[in-house]
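# pasting the structure only:
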């Protein structure tokens, strides 16, 4: 088998580009919930706890879907799983345009949209991991840049659509965009390089091993074997804690800023900027982790986010929210390529979708608790201050976990 196609361009980079575009659409519109959040509360006279709960349900549900989605991807490939993802998302967003009762919000967003999101991320990053051995961190970093680009571009776009068409019609437009653009792009994906008569990028370098504790795996762990390692459960815990804070910010940042008199468009732009600066974090830290190791990069990401959550407590002016968004976003973006990369490094790629999908269940646990707790604290206390302090503590605990993590022992 060859390492490049006849065109001279390794098809793995096509996989990266297609995956990036899919994540751009799916996660950009996912994070626009923070923009729709205030519209739903005001127009339907619902509490922040109630509206936060639908997002929390969706985040928990889609993380439950990650494991079967990973198994399905390992068996049938990404074209099937991504078709399910895009069709479910389009249906869910279309149904959001007709909601009038809380149960509809929880079913249409929490379950239908949550199902679509669950079949999206794991197949994309797992597929990219199959295509790269060398430069895996960089390839994953470039792929998940789509999440940040989507937040930067599509969150403010959602706000503009709401201003022009109202929130119900905006959800219909989002459904159409996903279906018309996302579905054709997903047809470009292939799980294994062998489907194109190719070898994974850098496969010949595998025997050289890895420096700086990356410890590139020369064997493949089964899912059962992976779950018996300390490394698996530390990664799981780190993701729970991370997702708790990140999703709390993505849901409530706009509402928090508006409470201090910040204009809606300014607040929405700050929310989008979190995703925008995460682009740099994904590329810089993803590439850097190939050189200095994943462990040190985890530490940097958690430290940046913890410091900026402390900053957020005193933020009152637009520039302070923009600075928070810029630095927090960089840290938030940094972790995205690190988790799938370290799973491939330490556990191999044969069961990557299943193992990574199981670890991604952690995002649902943390991502469900964080926004819901923040909404409840606001509704009962009239302030987000306690929620932010809890977020700081959670991130420093995660920082401690990053010191303890190390590669699992080789299989015997």
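Nice, I can see it. Given the structure is predicted, the values throughout are model-derived calculations rather than measurements.
# now residue 310: how far from residue 366?
19 Å (CB to CB, to the nearest Å). C-betas here are computed from N, CA, C, even on glycine.
# same check, this time on residue 266
28 Å.
# ok so, going back, please identify which of residue 310 and residue 366 sits among more neighbours.
Counting neighbours by other CB atoms under 10 Å for residue 310 and for residue 366 shows that residue 366 has the greater number, 26 against 13.
# tell me the contacts of that one?
Residues near residue 366 by CB atoms under 8 Å, 6 or more residues apart in numbering: 239-245, 247.
# Ok, residue 125 next?
By CB under 8 Å, 6+ apart, the neighbours of residue 125 are 19, 140, 143-144, 340, 356.
# of all those, which comes closest to residue 383?
Checking these against residue 383 by CB to CB gives residue 144 as the nearest, at 33.4 Å.
# wait, isn't that closest one in contact with residue 335?
No - the pair residue 144 / residue 335 is not scored as a contact, 9.7 Å apart, by CB atoms under 8 Å.
# Give me the more crowded residue out of those two.
residue 144 (32 against 28).
# Next one: that one relative to residue 190, how far apart?
Taken as CB to CB, the span from residue 144 to residue 190 is 19 Å.
# likewise residue 241?
With distances taken as CB to CB, residue 241 is found 35 Å from residue 190.
# okay, these two: which has more neighbours?
residue 241 (24 against 21).
# Just give the closest residue to that one, not the sequence neighbours.
Leaving out its chain neighbours, the residue that sits closest to residue 241 by CB to CB, 6 or more residues apart in numbering is residue 398, at 3.9 Å.
# what about the one you found, helix or strand, and which?
Assessed by DSSP states H and E, residue 398 sits inside helix 385-404.
# Buried residues, that helix. List them.
For helix 385-404, a neighbour-count test (16 or more other CB atoms under 10 Å) marks 387-388, 390-392, 394-395, 398-399, 401-402 as buried.
# Make a markdown table out of those and add pLDDT and distance to residue 274.
Below are the buried residues of helix 385-404 laid out as a markdown table (pLDDT from 0 to 100; distance: CB to CB, whole Å):
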| residue | pLDDT | distance to residue 274 |
| --- | --- | --- |
| 387 | 95 | 17 |
| 388 | 95 | 15 |
| 390 | 96 | 19 |
| 391 | 95 | 14 |
| 392 | 95 | 17 |
| 394 | 95 | 17 |
| 395 | 95 | 15 |
| 398 | 92 | 18 |
| 399 | 90 | 20 |
| 401 | 89 | 23 |
| 402 | 85 | 21 |
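# For the residues you listed, name the two members farthest from one another.
Maximum pairwise distance among those (CB to CB): 23.0 Å, between 387 and 402.
# And residue 278, how close does it get to residue 137?
Residue 278 is 16 Å from residue 137, by CB to CB.
# Can you show me the helices along the stretch 101-250 of the chain?
Using DSSP state H, counting those that start in this stretch, the helices of the stretch 101-250 of the chain run over residues 102-105, 114-118, 121-131, 136-165, 167-177, 183-186, 223-227, 230-259.
# out of the ones you listed, nearest to residue 46?
Going by CB to CB, the one of the helices of the stretch 101-250 of the chain nearest residue 46 is helix 102-105, 6.7 Å.
# From the contact counts, what lies against the closest one?
helix 48-76 (3 or more CB pairs under 8 Å, 6 or more residues apart in numbering; DSSP states H and E).
# what's the helix it packs on packed up against?
Counting by 3+ CB pairs under 8 Å, 6+ apart, the packing neighbours recorded for helix 48-76 are helix 33-44, helix 78-96, helix 102-105, helix 114-118, helix 121-131, helix 230-259, helix 352-359, helix 361-381.
# For those, which has the smallest mean pLDDT value?
Among these, helix 352-359 has the lowest mean pLDDT, at a mean of 82.
# Figure out how far that helix is from the centre of its chain.
For helix 352-359, the gap between its own C-alpha mean and the chain's C-alpha mean amounts to 14 Å (CA atoms, centre = their mean, to the nearest Å).
# what's the angle from that helix to helix 78-96?
In this structure, helix 352-359 runs at an angle of 40 degrees to helix 78-96, with axes from the mean of the first three to the mean of the last three CA atoms, to 10 degrees as the basis.
# hmm, back to that, make a markdown table out of the helices and strands packed on helix 48-76 and add distance to residue 324.
Output for the helices and strands packed on helix 48-76, formatted as a markdown table (distance: least, CB to CB, whole Å):
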| stretch | distance to residue 324 |
| --- | --- |
| helix 33-44 | 14 |
| helix 78-96 | 29 |
| helix 102-105 | 29 |
| helix 114-118 | 25 |
| helix 121-131 | 25 |
| helix 230-259 | 8 |
| helix 352-359 | 28 |
| helix 361-381 | 16 |
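# Compare the ones you listed and report which one is nearest to residue 148.
With CB to CB as the measure, helix 230-259 is the member of those nearest residue 148 (12.0 Å).
# so how far is residue 126 from the closest residue to residue 408 other than its chain neighbours?
Of all residues not flanking residue 408 in the chain, residue 229 sits nearest, at 3.9 Å (CB to CB, 6+ apart). Distance, residue 229 to residue 126, using CB to CB: 19 Å.
# Good, we can wrap up now.
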